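Enquirer: next comes the sequence, and after it the predicted model I'd like to discuss.
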Amino acid sequence: MIGPYKLLQTLGTGSTGKVKLAINTETEKQVAVKIMQKQLVFATEKSRANVEKEIAVLKLLNHPNVLKVFDVFESEEYLFMVMEYMPGGELFDFLVNQEFISTKQSLILFQQLIYALEYCHNHLVCHRDLKPENLLLDSFGNIKIADFGMSGLINENYLLGTFCGSPHYAAPEVVGGNEYDGTKSDIWSCGVILYVLLVGRLPFEGESIKDVLLKVLEAKYTIPENLIPAKKELIKGMLEKDANKRFTIEQIKQNEWFRSNFPINYQPPQAILRKRFIQSVPEKKINQQIVENLSTLGLNQTKILDSLITEQSNLEKIMYTLYISKIKKRQKIERQENNLIKSISQEYSDKKTKKEEKRLKKKEEKELKKEEKRKKKESKKLKTLEQLKQKVRYSKDELRRNKTSSKVKISIKRKNKPTQQQSNLSFDIEKETEKTKKSWFGKLFKRKSKKKKSKKEKLQKLHLDNKFEQGGEIFLKDPTEQLEKNYYVSFSINQPIMEIMRNFQEGLTKLNFNWAYPNIFTIKAVFNKMKIRVKTQKCSVLGNTESVKVRLICKRGTAQQFIEFCNSLIQVSNF
C-alpha cells in the first residue's frame, strides 16, 4: 500500500525503476504508479532536476490530452509518482503492431497532439522531447502527452541552448547546437510524427546516427506522391528548415485537411496574455511551495522572489500566477465535491429517516389492528363461554333431577380406525374441587380442525357367550391378546352416561368431557391404563327421558381389560 493506493501487477520496467498498476481503495479507480530508486534518480543533479521538473510541470498542467499526476510519495529508498493509467500503451507500439492506420484515425491523433501542445505553449511550457514513445493511449485510443523531464520554460528574453530529444525527431537548430525557440522545435517534432502517421516510416533515416543527423540538418526528405496537396502542404510547413518560416500552431489549425474533421463544439484553450499587468505579491503572502516548484523548472529562487514584489510584468509572475490559479481552481473543485457529497449524504439521511418513520408508523398501525383483533376475539370467546356456562348449569340441574333406571344392550365389534372425534371445546373434570363444583367444566382448549371421515370397512363380529342377555361374562378367543385395532361397544341407554361413568370408584384415573356443539358429546376416560372413549349423538350424556344410542370405543389395552370394563359398566348400570 502506498497511501490509499494498493499496488498490483507490474506494467513495465526501466533504467531507474518500474511502473505498477494500482487501485485507489477509496474511489476504486485504477492508476499507474511509477516507482523510482532514489539512488539512481538522484545520482546526478541533472537527473534529479529532470524528475523534479516533470513533477512540477505535470502539477501545473491540466488538459484532457496531457498525462495527469495525482500524488507524489517519498520513502527512504523510493520515489512514487501516481499518474493516470493508460491501458493503450505507447503510440510507438501501436504503430508497430498496426499494419494500416486510416486517414481519419491519423487526423484525430494529430489533432489531439496539436491541441495539447497549444495548451502547453500557452502555459509557457515546451516539451522538447516529443516522439511516439512519449505519447500514451488510453482505453478509447486518445493521446496523452507524457514524460516532461526534458521540458523547459518559454521566455521571450532568451532562447534555449541545451540539446534535447531524439535524433530522428530533433529540429535542425537543435541538432546544430544553436540557440532555439522551444515552441518551434516542438512543431518540428510534431511534423515528424505526422509524417510517420501518414507515410508509415520516418522521414530521416540512415545507416548511422551521423547520417540521420546530417539529413536533419539539411532537411532532406521525400513526400510520397499519393498524398493529397493539403497533407503535403502541412508536412512541408512543419518540416521547414528555417525556424522563422516554420508553421505556427495557428497556421496548422487553418490547414484544409486539419479542418476537414474538426471536433464538434471544440473550444481551444485560452492563451496566456504574457504582457498583461500583474500586481506585485506581498512578500509575506508568497507561497514558498510554489517558489520551490518554479525553481525546479530552471528559474533562480532569488530572482523569483525579487520578480514577484516588483510592479513589472515578467515570466516569474506569470508562472506564479498560473500556479496560484491552478491551486484555487483545485480548491474550488474540492469544495464543490465536498458540498455535493454533503448534500447527497443529507438527502440520503433525510430519505432514510422518512423511510424509518414510515416503517415505524406502519408497524404501530399494524400492532393497533392486531390488538383490536385480539380484543374482539377475546370478547367473542368470553361471550361463547358465558353461553356455555348457562347450558352447563341447565344440564347439571337436569342431571340432578333425572335419576331413572337404565337398560343396557351390549354388542362388541372390531374396526380399523376409531370414529371421528368431533370436539371443539374441552373441559377437564379429573379433580373435583370447590371451584369445579361451581363451574365443573374446567380448562378451555382451542378448537381442533375437523378431519375427513374415513370410509367404513366391514366389521368382524367377535364370539359372545349365550348368557349375555342375562348378564353373564363375555368371552373372546384370546382375551390376553393386545388390541391391534380399535374395539367398540354399541348400546342403548336412557340413564345419563356421565352419571354412570362417575360411579366408577376403582380403576378410573381420568375423565374428560368434550362437547361438540350442538348435540355431540364425547367422554374420554382412562380405566386401569386402558384408554376408552364414549360418544353419543344426543344430550343423554348429561340427562334425558328417552333411550339413545351410545358407542364405547377401546383405544388401548387388551381384550380382557376391555371385557372387565364392560362387565363393570353392566354392574354399575344395574341392568
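Expert: Everything's here; your move.
Enquirer: going forward, measure contacts between C-alpha atoms and count neighbours the same way
Expert: Fine.
Enquirer: may I see the buried residues of stretch 60-73?
Expert: Within stretch 60-73, the residues that count as buried by 16 or more other Cα atoms under 10 Å are 60, 61, 62, 63, 65, 66, 67, 68, 69.
Enquirer: now do it: everything it contacts.
Expert: 2, 55, 58-59, 79-84, 112-113, 115-116, 119-120, 123, 142-146, 322-323, 326 (Cα atoms under 8 Å, 6 or more residues apart in numbering).
Enquirer: strands - which of those residues land there?
Expert: Of the positions in these, 79, 80, 81, 82, 83, 84, 143, 144, 145 sit in strands, assigned by DSSP state E.
Enquirer: from residue 94, how far out is residue 88?
Expert: Computed as Cα to Cα, to the nearest Å, the residue 88 to residue 94 distance reads 8 Å.
Enquirer: repeat that for residue 362.
Expert: For residue 362, the distance to residue 94 - Cα to Cα - is 63 Å.
Enquirer: helix or strand with the lowest mean pLDDT in the chain?
Expert: Every helix and strand of the chain was ranked by mean pLDDT, DSSP states H and E. The lowest is strand 425-428, at a mean of 31.
Enquirer: more crowded one of residue 362 and residue 94?
Expert: More crowded of residue 362 and residue 94, by other Cα atoms under 10 Å: residue 94, with 17 against 12.
Enquirer: got the buried residues for the host helix or strand of the more buried one?
Expert: Following DSSP states H and E, one finds residue 94 within helix 91-97. Neighbour counts over helix 91-97 (16+ other Cα under 10 Å) mark 91, 94, 95 as buried.
Enquirer: what ranges does the stretch 151-300 of the chain have for its helices?
Expert: Using DSSP state H, counting those that start in this stretch, the helices of the stretch 151-300 of the chain run over residues 172-175, 182-199, 209-218, 229-238, 249-253, 288-296.
Enquirer: any chance of these in CSV, plus mean neighbour count?
Expert: Converted to CSV, those look like this (neighbours: other Cα atoms under 10 Å):
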stretch, mean neighbour count
helix 172-175, 22
helix 182-199, 23
helix 209-218, 16
helix 229-238, 18
helix 249-253, 15
helix 288-296, 18
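Enquirer: ranking those by mean pLDDT, which is last?
Expert: Comparing mean pLDDT across those, the weakest is helix 288-296, with a mean of 72.
Enquirer: about what we covered before: pick out the most distant pair among the ones in strands among the contacts of stretch 60-73.
Expert: 79 and 143 (25.9 Å; Cα to Cα).
Enquirer: and the two? Which one has more around it.
Expert: Neighbour count, other Cα under 10 Å: between residue 79 and residue 143, residue 143 has more, with 26 against 19.
Enquirer: list the contacts for the closest residue to the more buried one other than its chain neighbours?
Expert: Of all residues not flanking residue 143 in the chain, residue 137 sits nearest, at 4.9 Å (Cα to Cα, 6 or more residues apart in numbering). Residues near residue 137 by Cα under 8 Å, 6+ apart: 86, 87, 88, 89, 90, 91, 143, 144.
Enquirer: any idea how far residue 109 is from residue 137?
Expert: From residue 137 over to residue 109 the distance is 10 Å, taken as Cα to Cα.
Enquirer: could you name every residue contacting both of those two?
Expert: By Cα under 8 Å, 6+ apart, residue 137 and residue 109 have these common neighbours: residue 143.
Enquirer: any idea how far the closest residue to residue 220 other than its chain neighbours is from residue 248?
Expert: Computed as Cα to Cα, 6+ apart, the closest residue to residue 220 that is not its neighbour in sequence is residue 204, at 7.4 Å. The gap separating residue 204 from residue 248 is 22 Å, by Cα to Cα.
Enquirer: of these two, give the one with the bigger neighbour count.
Expert: Taking neighbours as other Cα under 10 Å, residue 204 and residue 248 compare with residue 204 leading, 19 against 16.
Enquirer: spit out the contact partners of that one.
Expert: 168, 212, 215, 216, 220, 221.
Enquirer: ok, the fifth one - how many residues close by?
Expert: Read it as residue 220. 14.
Enquirer: which strands or helices does whichever strand or helix holds residue 390 pack on?
Expert: Assessed by DSSP H and E, residue 390 sits inside helix 315-401. Helices and strands touching helix 315-401, by 3 or more Cα pairs under 8 Å, 6 or more residues apart in numbering; DSSP states H and E, are helix 45-60, helix 288-296, helix 301-308.
Enquirer: and those as JSON lines, adding distance to residue 332?
Expert: Output for the helices and strands packed on helix 315-401, formatted as JSON lines (distance: least, Cα to Cα, whole Å):
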{"stretch": "helix 45-60", "distance to residue 332": "16"}
{"stretch": "helix 288-296", "distance to residue 332": "18"}
{"stretch": "helix 301-308", "distance to residue 332": "24"}
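Enquirer: between those, which one is closest to residue 75.
Expert: Nearest of the helices and strands packed on helix 315-401 (Cα to Cα): helix 45-60, 15.5 Å.
Enquirer: which of the residues in that closest one are buried?
Expert: 48-60.
Enquirer: nearest to residue 237, of those residues?
Expert: Distances from residue 237 to the buried residues of helix 45-60, taken by Cα to Cα, are shortest for residue 57, at 28.7 Å.
Enquirer: so what does the closest residue to the closest one other than its chain neighbours look like in phi/psi?
Expert: Residue nearest to residue 57 in three dimensions, not counting chain neighbours: residue 148, with 7.0 Å by Cα to Cα, 6+ apart. Dihedral pair for residue 148: phi -100, psi 20, per degrees, to the nearest 10.
Enquirer: can you tell me how far residue 148 sits from residue 30?
Expert: In this view, residue 148 and residue 30 are 22 Å apart by Cα to Cα.
Enquirer: more neighbours: which of these two?
Expert: More crowded of residue 148 and residue 30, by other Cα under 10 Å: residue 148, with 24 against 19.
Enquirer: contacting residues for that one?
Expert: The neighbours of residue 148, taking Cα under 8 Å, 6+ apart as the test, are 50, 53, 54, 57, 58, 127, 129.
Enquirer: make CSV from those and add distance to residue 194 to it.
Expert: Output for the contacts of residue 148, formatted as CSV (distance: Cα to Cα, whole Å):
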residue, distance to residue 194
50, 27
53, 27
54, 25
57, 25
58, 24
127, 17
129, 15
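Enquirer: between those residues, which sits nearest residue 253?
Expert: residue 127 (19.4 Å).
Enquirer: any idea how far the closest residue to that closest one other than its chain neighbours is from residue 193?
Expert: Computed as Cα to Cα, 6+ apart, the closest residue to residue 127 that is not its neighbour in sequence is residue 151, at 4.3 Å. Counting by Cα to Cα, the separation of residue 151 from residue 193 is 18 Å.
Enquirer: same thing with residue 81?
Expert: According to Cα to Cα, residue 81 and residue 193 sit 27 Å apart.
Enquirer: how long is stretch 58-78 from one end to the other?
Expert: 19 Å.
Enquirer: what's the average pLDDT for that stretch?
Expert: 84.
Enquirer: can we start the residue count at 19 from this point?
Expert: Got it, the first residue is 19 from now on, which makes the last one we talked about stretch 76-96.
Enquirer: which outside residues touch the helix holding residue 112?
Expert: By Cα under 8 Å, 6+ apart, helix 109-115 touches 150, 151, 152, 153, 154, 155, 161, 215.
Enquirer: can we see that at 10 Å?
Expert: 106, 119, 127, 149-155, 159-162, 214-215, 218-219 (Cα atoms under 10 Å, 6 or more residues apart in numbering).
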